[in-house]
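Novice: Provide a 3D model corresponding to the input given below.
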Amino acid sequence: MAGMDLPVAEPPLPSAAPISLRQPDTQRVPLVFASPHSGRAYPPDFIAAARLDTLGLRRSEDSFVDALFEAAPGFGAPLLSATFPRAYCDPNREPWELDPAMFADDLPAWVNTTSPRVGAGLGTIARVVASGEAIYREKLPFAEAERRVRTCWEPFHDALFGLIGQTKRAFGACLLIDCHSMPAHAAQPRHGLAGTASGGAAVADFVLGDAHGTSCAPRITALVEQTLRALGYTVRRNDPYAGGYITRHYGRPREGVHVLQIEVARALYMDEARIERLPRFGALQRDLTALIATLAADAPTLLAA
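Specialist: Residues are numbered from 1 along each chain as shown. Below you'll find the model as predicted:
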């Protein structure tokens, strides 16, 4: 898994359309790939309102994940990415998971203010970045949350819903691969899984989340796990990530829609402190391209079983 690619520093982008959709000329396989957290288009007003610098805000990004999976259209599968950052609006949450302490006015009664994600400061509009630092200097108006949901969250999910429906109509079923990355501390298991030979806790290169077998057929999860292990990686299932809103909301195997969340350890490909690609980025990208090729070849049979 060694590579000779040079590190690439990629600064934040200016504001852009809320989604990027890379489509094959013709969709040839019942696969869709999504990267909801790799967006890096930071609106200037968001940066101005933040108490953190831009590097601090980027701690929440799944940096470069869209690039890791960029080969998908070449195998006949669309790749949908959010361009807006997760710290600005999180499409892997319900649309209205909001912390009332963040807002200057009262929230409507229908807003979900009590979810564990809200309690952790990581609702649809996050209170903190992934490393725990508070984002904002002052409270926000609820109208700002509404604007972000309407202009970011909804376009992403409109596109994702459309891709899933289009794929199911064309092929009879759909497999969505929900692509994420995890920081170094998250690669440790939470629940006392088997340790390494030295007795320490096993560190995972990948965590596969299928909502404990409810969002995706076990044969699909098993194929992904086997493919990654054959490439030399360590893999765990559902610990510490079993799947977020996208996995649980769209994953309905009995209706022909399977969703598998893939978490990639950032230490495999990036400098987390500087948010730069490491020299081995290219090697990981090639291995993930091999995984995409395997899924493209086997998905029709797996979904028909």
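Novice: in the stretch 201-305 of the chain, which spans are strands?
Specialist: 206-209, 235-237, 257-265, 270-271, 276-277 (DSSP state E, counting those that start in this stretch).
Novice: So which of the ones you listed is nearest residue 174?
Specialist: strand 257-265 (5.1 Å; Cβ to Cβ). Where you see a C-beta, it was placed from the backbone N, CA and C, and this is true even at glycine.
Novice: pLDDT (mean, whole number) over the closest one?
Specialist: Strand 257-265 shows a mean pLDDT of 98.
Novice: ok, now stretch 54-68?
Specialist: On average, stretch 54-68 scores 96.
Novice: can I assume residue 99 is in contact with residue 121?
Specialist: Yes. Residue 99 lies in contact with residue 121 (Cβ atoms under 8 Å); the separation is 6.7 Å.
Novice: More neighbours: these two, which one.
Specialist: residue 99 (24 against 18; other Cβ atoms under 10 Å).
Novice: tell me the contacts of that one?
Specialist: 113, 118, 121, 123, 125, 127 (Cβ atoms under 8 Å, 6 or more residues apart in numbering).
Novice: if I look at the closest residue to residue 137 other than its chain neighbours, how far off is residue 91?
Specialist: Take residue 137 and drop its neighbours on the chain: the residue closest to it by Cβ to Cβ, 6 or more residues apart in numbering is residue 51, 4.7 Å away. Distance of residue 51 to residue 91, given as Cβ to Cβ, to the nearest Å: 24 Å.
Novice: These two: which is more packed in?
Specialist: residue 91 (26 against 12).
Novice: doesn't residue 154 make contact with that one?
Specialist: No. The pair residue 91 / residue 154 is not scored as a contact, 9.2 Å apart, by Cβ under 8 Å.
Novice: How much space separates the residue nearest to residue 137 from residue 129?
Specialist: Residue 51 is 11 Å from residue 129, by Cβ to Cβ.
Novice: Name the residues contacting each of the two.
Specialist: residue 135.
Novice: so residue 163 touches residue 78, yeah?
Specialist: Yes. Residue 163 lies in contact with residue 78 (Cβ under 8 Å); the separation is 5.6 Å.
Novice: where do the contact lists of the two overlap?
Specialist: Joint contacts of residue 163 and residue 78 (Cβ under 8 Å, 6+ apart) are 21, 32.
Novice: on that earlier part again, what's the overlap in contacts for residue 99 and residue 121?
Specialist: residue 127.
Novice: So which residues of the stretch 1-150 of the chain form helices?
Specialist: For the stretch 1-150 of the chain, the helices defined by DSSP state H, counting those that start in this stretch occupy 44-49, 54-57, 65-68, 116-119, 142-148.
Novice: circling back: looking at the strands of the stretch 201-305 of the chain, which is closest to residue 71?
Specialist: strand 257-265 (14.3 Å).
Novice: Where does pLDDT dip in this protein?
Specialist: Applying pLDDT under 70 to the chain flags residues 1-15, 186-202.
Novice: Mind doing that once more with 80?
Specialist: Scanning the chain for pLDDT under 80 picks out the ranges 1-16, 185-202.
Novice: before we move on, the earlier item: deepest of the helices of the stretch 1-150 of the chain, which one?
Specialist: helix 65-68 (a mean of 23; mean count of other Cβ atoms under 10 Å).
Novice: Which elements pack onto it?
Specialist: On a contact count with 3 or more Cβ pairs under 8 Å, 6 or more residues apart in numbering; DSSP states H and E, helix 65-68 meets strand 174-182, helix 281-304.
Novice: One more pass at 10 Å, please.
Specialist: strand 31-35, strand 79-82, strand 174-182, strand 257-265, helix 281-304 (3 or more Cβ pairs under 10 Å, 6 or more residues apart in numbering; DSSP states H and E).
Novice: what are the C-alpha coordinates of the fourth one, in CSV please?
Specialist: What that stands for is strand 257-265. Extracted C-alpha coordinates of strand 257-265, given in CSV (Å, rounded to 0.1, in the frame of the first residue of the first chain):
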residue,chain,number,x,y,z
VAL,A,257,-32.7,-0.2,-1.1
HIS,A,258,-29.6,-1.2,0.7
VAL,A,259,-27.3,1.4,2.4
LEU,A,260,-23.8,0.7,3.7
GLN,A,261,-21.8,3.4,5.5
ILE,A,262,-18.0,3.2,5.0
GLU,A,263,-15.8,5.1,7.5
VAL,A,264,-12.1,5.5,6.4
ALA,A,265,-9.4,6.2,9.0
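Novice: quick one: that strand to chain centroid distance?
Specialist: Distance, stretch centre to chain centre, for strand 257-265: 8 Å (Cα atoms, centre = their mean, to the nearest Å).
Novice: Next, the angle strand 31-35 makes with it.
Specialist: In terms of direction (axes from the mean of the first three to the mean of the last three Cα atoms, to 10 degrees), strand 257-265 departs from strand 31-35 by 40 degrees.
Novice: All set, thanks.
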